[in-house]
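>>> Here you go, sequence then predicted model.
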Amino acid sequence: MLWSGWGDPAKAAPLPEPMVGLLRDLLGVRPAEEPPAALTGVRVAEPRLSGDDLAALAAAVGDGNVRVEAEARIRHTRGKSTPDLLRIRAGDAADAPDAVVLPGNHDEVLAVLEACAGRRIAVVPFGGGTSVVGGLAPEGVDAFVALDLRRMDGLTELDEVSRTAVLQPGLRAPAAEALLNERGYTLGHFPQSYEWASIGGFAAARSSGQASAGYGRFDDMVVGLTVATPEGTLDLGRAPKSAAGPDLRQLVLGSEGALGVITSVRVRVHAVPAERAYEGWRFASFDQGAAALRRLAQDGPLPAVLRLSDETETMVGLADPSAIGGGSSAAGALAVLGFEGAPAHVADRRAGAARVLREAGGEPLGAGPGEKWEHGRFNAPYLRDSLLDVGAFVETLETAAFWSDVPALYEAVRQALIGTLSGAGTPPLVMCHISHVYPTGASLYFTVVSAQGEDPVEHWAAAKRAACDAIVAAGGTISHHHGVGTDHRDWYAREIGPLGAAVLRAVKDRVDPAGILNPGVLVPPAERK
């Protein structure tokens, strides 16, 4: 992955001049006075680990699998939020790990944790490095290592009777899909981070893919886990469902490396669909489109992909990132639907969904808008790199709520973002889409574009605080699929309440008494008395 941006640098094409002019005229965007730092110009401190520390780590994983060179440490610095990228582009690697450690199996992970617990060295599990919520930047540590799981990248078991597969945590999503496809199966998990995110990261962050309406979230897919902790091993999940007490799998899912290191995941898999079909529908307004999506989510038939852009996102054309700025062929709000399965199944569901959408006021736009979305579905992070290059600021945030709360939540977050960013003298462009639907509610995914200004990191921090306050006040969850990290931790504490936070701390104290696992991430600190 590009050390200062997203993915393959060859895919980050420069913006066309008409789009640059539009950004300049509409938002006051101006190019930065200084170009981004080169890799060799990034400031990184000397490692804080002693020779004995490094020897103990090498004893656990082998001499060649402990790396302290500057480039390896820089490439494991923070995640891929826009503030993360702006800081690294400015040459700031103050949060770089002191070493990168690459275990090859579960026992080596256990050995690393034992060595680090005895030496009070923090450990941050590292998969694809795609966190956008501060999940890879521990707080209050004297030294820490990035535990890069890339060597643990296999498909170790495929049970075709039960239709489950056991995957290792460092396996990147495209490789996992390719291994399953060779045997005629698919995981069906395609989040925007798909090209670079890992299986372990999906589980640790409760990832949700773009086809979640058909396949479910990643935490719905997981039926078993193996977890290494400083206190030993957790083997969880011996049946699809159980009444044997609370489901501890759900405690690990979403734990973001704060309660242990996931070393294998058993997931359900599906036969590769014989047919995939995408289409677009127009609604006069976002509210009208949301009501139509709710009908499909509650009464069916439910497509595999179901999403709806608001009027602003539809106008800008963000549903087709390859043509951003060109607008959409449809005014109002654009919905994208995707159907997967046997041809007869696809045809039946398309016909049933069309009846519902027409009754709800929808106008069919044919396959074009859906196919354009499918073709460019992973392009938005590359577009962000190009926007940063010309001096624009672009960032996202997401939430979810019950259907009855969605309209007020949508408006509250929009107004919080517009009000804060406009107050700082930069007129923002705030867009939103419904990205995932359930019978009881939906998620809202916001994208913000503005000029960077003199201090874009603090500029965004103020807006993000206002948006998080608005989310909590309006009854939404602080995150639907990005996770908690350090960025959302204080609002997560408000969401689960003091007793919930105390329960979480008690679990962490039991599995991680030395407090080395991703300190400051997810788990709210104890209140001072």
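That came through, no problem.
>>> Do I have it right that residue 131 meets residue 483?
Yes. At 6.9 Å, residue 131 and residue 483 qualify as touching, with contact defined as Cβ atoms under 8 Å. Quick note: C-beta positions are derived from backbone N, CA and C, even for glycine.
>>> who's more crowded, these two?
Neighbours were counted for residue 131 and for residue 483 using other Cβ atoms under 10 Å; residue 131 has more, 30 against 25.
>>> wait, what's in contact with the more buried one?
With Cβ atoms under 8 Å, 6 or more residues apart in numbering as the criterion, the residues that contact residue 131 are 78-81, 201, 205, 483, 485.
>>> Make CSV from the residues you listed and add pLDDT and distance to residue 341 to it.
Putting these into CSV (pLDDT from 0 to 100; distance: Cβ to Cβ, whole Å) gives the following:
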residue, pLDDT, distance to residue 341
78, 97, 40
79, 97, 35
80, 97, 33
81, 97, 36
201, 98, 28
205, 97, 28
483, 97, 31
485, 98, 36
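>>> From those residues, pick the one nearest residue 17.
Nearest to residue 17 out of these is residue 80 (Cβ to Cβ; 27.2 Å).
>>> what's the closest non-adjacent residue to the closest one?
Nearest residue to residue 80 in three dimensions, chain neighbours excluded: residue 130, at 5.3 Å (Cβ to Cβ, 6 or more residues apart in numbering).
>>> Now do the SS call for that neighbour.
With DSSP: H, G, I helix; E, B strand; the rest coil as the basis, residue 130 sits in coil.
>>> Roughly how far does it sit from residue 440?
Taking Cβ to Cβ, to the nearest Å as the measure, residue 130 and residue 440 are separated by 28 Å.
>>> Neighbour count for the two, which is higher?
Set side by side, residue 130 and residue 440 give different neighbour counts by other Cβ under 10 Å, the larger being at residue 130 (26 against 12).
>>> Residue 478 versus the more buried one, what's the distance?
Computed as Cβ to Cβ, the residue 130 to residue 478 distance reads 19 Å.
>>> and the residue lying closest to residue 142 once chain neighbours are set aside, how many residues sit next to it?
By the measure of Cβ to Cβ, 6+ apart, the closest residue to residue 142 outside its immediate chain neighbours is residue 48, 6.5 Å from it. The number of residues packed around residue 48, counting by other Cβ under 10 Å, is 14.
>>> Now do the same contact list for residue 48.
If you count contacts by Cβ under 8 Å, 6+ apart, residue 48 has them with 98, 142-143.
>>> Quick check: neighbours shared by residue 131 and residue 483?
Overlap of the contact sets of residue 131 and residue 483 (by Cβ under 8 Å, 6+ apart) consists of residue 205.
>>> quick one: residue 436 is in a strand?
Yes. Going by three-state DSSP, the assignment for residue 436 places it inside a strand.
>>> residues in contact with the spatially closest residue to it that is not a sequence neighbour?
Setting aside the residues directly before and after it, residue 436 is nearest to residue 443 in space (Cβ to Cβ, 6+ apart), at 4.4 Å. The contact partners of residue 443, taken as Cβ under 8 Å, 6+ apart, are 208, 398-400, 434-437, 480-481.
>>> Can I get the buried part of those residues as one ChimeraX selection?
Applied in ChimeraX, the following selects the buried portion of these according to 16 or more other Cβ atoms under 10 Å:
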select :208,398,399,400,434,435,436,437,480,481
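>>> Going along the chain, name the strands of the stretch 201-350 of the chain.
In the stretch 201-350 of the chain, strands defined by DSSP state E, counting those that start in this stretch lie at 222-229, 232-236, 261-268, 270-271, 275-283, 305-309, 333-341, listed in chain order.
>>> Give me the helices and strands touching the last one, please.
Spelled out, that is strand 333-341. strand 275-283, helix 286-299, strand 305-309, helix 311-316, helix 343-359, helix 367-375 (3 or more Cβ pairs under 8 Å, 6 or more residues apart in numbering; DSSP states H and E).
>>> same thing with the third one?
When contacts are defined as 3+ Cβ pairs under 8 Å, 6+ apart, strand 261-268 sits against helix 106-119, strand 122-126, strand 164-167, helix 199-204, helix 218-221, strand 222-229.
>>> if we can go back for a sec, ok, the residue nearest to residue 142 to residue 183 distance?
Between residue 48 and residue 183 the distance, using Cβ to Cβ, works out to 46 Å.
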